[in-house]
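# Generate a structure from the sequence data that follows.
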Amino acid sequence: MNPSHHAPLFLGIDTGGTYTDAVLWSEAHGPQGRVLAKAKSLTTRHDLAEGISGAVGAVLDRAGVNPAAIKLVSMSTTLATNALVEGQGGRVALVMIGFSEADLARDGLKTALGTDPLVLCEGGHDVHGNARTLDLAALEAALPELAKTVSGFAVCAYFATRNPAHEIAARDLIRQKTGLPVTASHELSAKLGGPRRALTTLLNARLISMIDRLVAATEGFLEKRNIKAPLMVVRGDGALVSAEFARQRPIETILSGPAASLVGARHMTGLDNAVVSDIGGTTTDVAVLDHGRPRLDPEGATVGGFRTMVEAVAMRTFGLGGDSEVLLQEGGLQPKMSLGPRRLVPLALAGMMHGEAVTSELERHLRAPNPGRMDGRFAVRTGVPEHLAAGLTAPEAKLYDQITAVPQPIDRLLTSNAQNATLNRLVSRGLVHVCGFTPSDAAHVLGRQANWDEAAARLGAELFARKRDGRGQPIAASPEALSERVLATLTRLSAEVILETAFAEDGLDGAATVAHALVQRAVDSHPGIARFTVALDRPVIGLGASAPLHYAGLPPLVGNECVVPEDTDVANALGAVVGQVRVTAEARVSQPKEGLFRVAVGELVRDFIDEDAAMALAEAEARAIVAAKARDAGTDAAEIDVTVDFKVSTVEGQRMFIEAHVLAIAAGRPRIAV
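Numbering: from 1, shown residues only. Predicted coordinates for the structure are as follows:
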């Protein structure tokens, strides 16, 4: 393809845990624009530039465009999320001013800090921003040693959101003596709650070097390909910020990938209100679009077990996907089928990669006169470096030695039930994969998916169909009948996770509500004298490469339509490139004593005896700060919106000022290369 138009081209990249996606988009084809080319490449954790290079290179080749025509590059990433989940990041020193060691017990701060160094100093402020005596002697004494042993610093002072002076003093001292990166808590959040603000600051400081590597790898690759365009990164709330902005505040990129998929979903469908469900191989992510924006988690994003102060999309993740384990629940005349939460390597994929080694064993299982519990099950090494197998117990090491890079049938590997638990421990350590029958296999049997080995999938379906119900009869008459049941189960469970999210957003216990007999009857359209229906108030947008298959039967189950857009498989990468820059600044006016109005905004604290003068300065400063932030974040065309929230009381008919909160929001499209 060689577009003749001269409209600017936009390159979107999503570095996910498994795949890196790239999409080339042009805004010259109507309000939705047009995807000119898209591609996927395996994410390369050891060298991120490799995966980016694979996907972007394929996109440029397919589109046949001059790289110089690309005027903006934008990326979403799960790197920060994965790092926090996996406990990775640099060693940093936490400096807490005005806090005591007892404060570490709150909000998981002690757990997050682990063995990293802590420095406690006297100081901080009260709720009105009045200073206590600052003493940074402990910090100054520790700096020579810390400069050699940490990659950065996190600084949090008591009530720094009301007066950041002591954080600024500590930050300047650290920079002067060490030259290392410093994150101060007031730069990240204006919310009260010292320990959680300290936790957010600590995690941010840990992630700086990691996001720095990602940005540097991307910039290096773009330079090699002669792409001279600004680089943007998606934040966890779906907004775009410049790569330089993200380098300083990497914590804000947690849940960047899911947020980008929501922005992509809205762009592709034009729907302002929807439930967005993104199905992958391992998980389904569900979130809500309200008035064109992702609904955010009011408490702050939770990642890796830590509740942060980061504004991010309210996303619920379920262990349900195309590669979920298919299970029969024991007992009862008609055993119920369930899926997940564990992911298996599909037999069709194992068959494609290992051929006869897999199919010959499946045929051996089929020749047995009676079905066995381990039929159609294999174990294979994941291929991680050997040093990650350190610390195995003797039984684990013995079993691990027997498992190879070629799938081994589990009925020949295990000699006792106790060894099953040993195998499961190896799986949970990430050393071994189990191969078995999955919805992806069922789709191959029915000809609805054709990228792997259909023969291995069919053998797996035949084996599973031989399993017995409570009357001793096979659970399915044919591989096709079994496969239809598996896919119907996946669609049914997808409806449940979507409804569970909707109930939870409505303030109910989502899991308990969806499991209630009345809701189950409503979803199944169960006939009865009393009939029940359940319906979403908005449509579902289905995302993910397998969404067209698994969500086709969704509408009657959720009581609303399901829209699956054409480029659903690259929603994240598209969302990365069509989003807007959006930044905020806050100012607070308090009354520490009657007749005195204190303005706290950014790094400025000033007192007035006139309320109107104080409010005028608060609004003017918030506007100036948000405008500067918007320029730093990558837009020259920001529209600024300011809202003021007064807290007042009436005493004996007289208005009494308590506090005012000013919020300035700047939003605009990112600047592009000229």
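# Counting residues, which helix of the chain comes out longest?
With secondary structure taken from DSSP state H, the chain has its longest helix at helix 194-224.
# In the protein, where is pLDDT below threshold?
1-6, 17-18, 29-31, 44-48, 85-88, 331 (pLDDT under 70).
# in it, which residue is closest to the centre?
The centroid of the chain falls nearest to residue 255 when counting by C-alpha atoms, centre = their mean (3.0 Å).
# Would you mind measuring from that one to residue 153?
25 Å (C-beta to C-beta, to the nearest Å). In short, each C-beta sits where N, CA and C put it, glycine included.
# Residue 414 too?
Applying C-beta to C-beta, the value for residue 414 to residue 153 is 51 Å.
# Check residue 467 too.
Counting by C-beta to C-beta, the gap from residue 467 to residue 153 is 59 Å.
# repeat for residue 639
36 Å.
# what does residue 60 give?
Residue 60 is 41 Å from residue 153, by C-beta to C-beta.
# Which parts of the stretch 101-250 of the chain are helices?
109-113, 137-149, 165-178, 194-224, 243-248 (DSSP state H, counting those that start in this stretch).
# looking at those, which is closest to residue 351?
Comparison of these against residue 351 by C-beta to C-beta identifies helix 194-224 as nearest, at 35.1 Å.
# Can you give the domain ranges for the chain?
Using automatic domain parsing, the domain parsing of the chain gives 324-487, 580-668.
# Could you dump those domains into JSON lines with distance to residue 124 and mean neighbour count added?
Listed next are these as JSON lines, based on distance: least, C-beta to C-beta, whole Å; neighbours: other C-beta atoms under 10 Å:
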{"stretch": "domain 324-487", "distance to residue 124": "43", "mean neighbour count": "17"}
{"stretch": "domain 580-668", "distance to residue 124": "14", "mean neighbour count": "17"}
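# related to what we said a few turns ago, which of the helices of the stretch 101-250 of the chain is buried the deepest?
With neighbours defined as mean count of other C-beta atoms under 10 Å, those peak in mean count at helix 194-224, which reaches a mean of 22.
# Could you figure out how far that one is turned away from helix 165-178?
50 degrees (axes from the mean of the first three to the mean of the last three C-alpha atoms, to 10 degrees).
# got the contact list for the closest residue to residue 445 other than its chain neighbours?
Of all residues not flanking residue 445 in the chain, residue 483 sits nearest, at 4.2 Å (C-beta to C-beta, 6 or more residues apart in numbering). Applying C-beta atoms under 8 Å, 6 or more residues apart in numbering to residue 483 gives the contacts 441-443, 445-446, 461.
# Who is the residue nearest to residue 175 when sequence neighbours are not counted paired with across the strands?
Spatial nearest neighbour of residue 175, excluding adjacent residues (C-beta to C-beta, 6+ apart): residue 182 at 5.9 Å. Beta-bridge pairing of residue 182 under DSSP bridges involves residue 153.
# for the stretch 401-550 of the chain, what spans make up the strands?
Ranges of strands in the stretch 401-550 of the chain, per DSSP state E, counting those that start in this stretch, are 408-409, 432-436, 540-543.
# To residue 28, which of those strands lies closest?
strand 540-543 (24.7 Å).
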